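S.K.: Sequence first, predicted coordinates after that:
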Amino acid sequence: MSDAFMFDSTTPRFGFPLLFAGQVQKEAHVNEAHSLADAILHCAVMGELASPPSSASEGDCWLVSASPTGAWAGHGGKIAAMQGGNWLYITPRDGMWVLDRSTGQDRRYVGAWQVPTMPTPPTGGATVDIEARSTITALIASLRQAGIYPS
């Protein structure tokens, strides 16, 4: 017979609240967990701001910049999601990806939000190789289309 599992009050990665036998108001914990899941599953952010937008719609997510102000003060680097008329803050974990709708580019979290920089297309040189240049230019265009580099 295996031992029973013992849990903390939240999940270790994203802090989803856990339920316990005899717990009162379970619906509040379940709703919070569903709101967190709704915000981070296939996350797409509107962009990055230092303070909350003047009007945000339910479900809008934003990346909070490094020096936030207003209601976002103290939440730098997190994802702010408008849920139930309030801001819900999600601390990113290594390996998270979000789509930045303002640029059409994917952002990846590894200690901080990472955005790849676009390579410079080849120019000049003593020997011009048309095939190599067109191949490199096509590669850069494909990476843009894939959302790796901004358009």
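M.R.: Great, that's in hand.
S.K.: The residue nearest to residue 113 when sequence neighbours are not counted is in what secondary structure piece?
M.R.: Once flanking residues are discounted, residue 113 sits nearest to residue 107: 5.0 Å by C-beta to C-beta, 6 or more residues apart in numbering. C-betas here are computed from N, CA, C, even on glycine. Using DSSP states H and E, residue 107 falls within strand 105-109.
S.K.: Using the three-state scheme, assign the residue nearest the centre of the chain.
M.R.: Residue closest to the mean C-alpha point of the chain, counted by C-alpha atoms, centre = their mean, is residue 98 at 3.8 Å. Classification of residue 98 by DSSP: H, G, I helix; E, B strand; the rest coil places it in strand.
S.K.: Specify the beta-bridge partners of it.
M.R.: Per DSSP bridges, the residues bridged to residue 98 are residue 107.
S.K.: Residue numbering should commence at 35 henceforth.
M.R.: Will do, 35 is the new start, and the previous item becomes residue 132.
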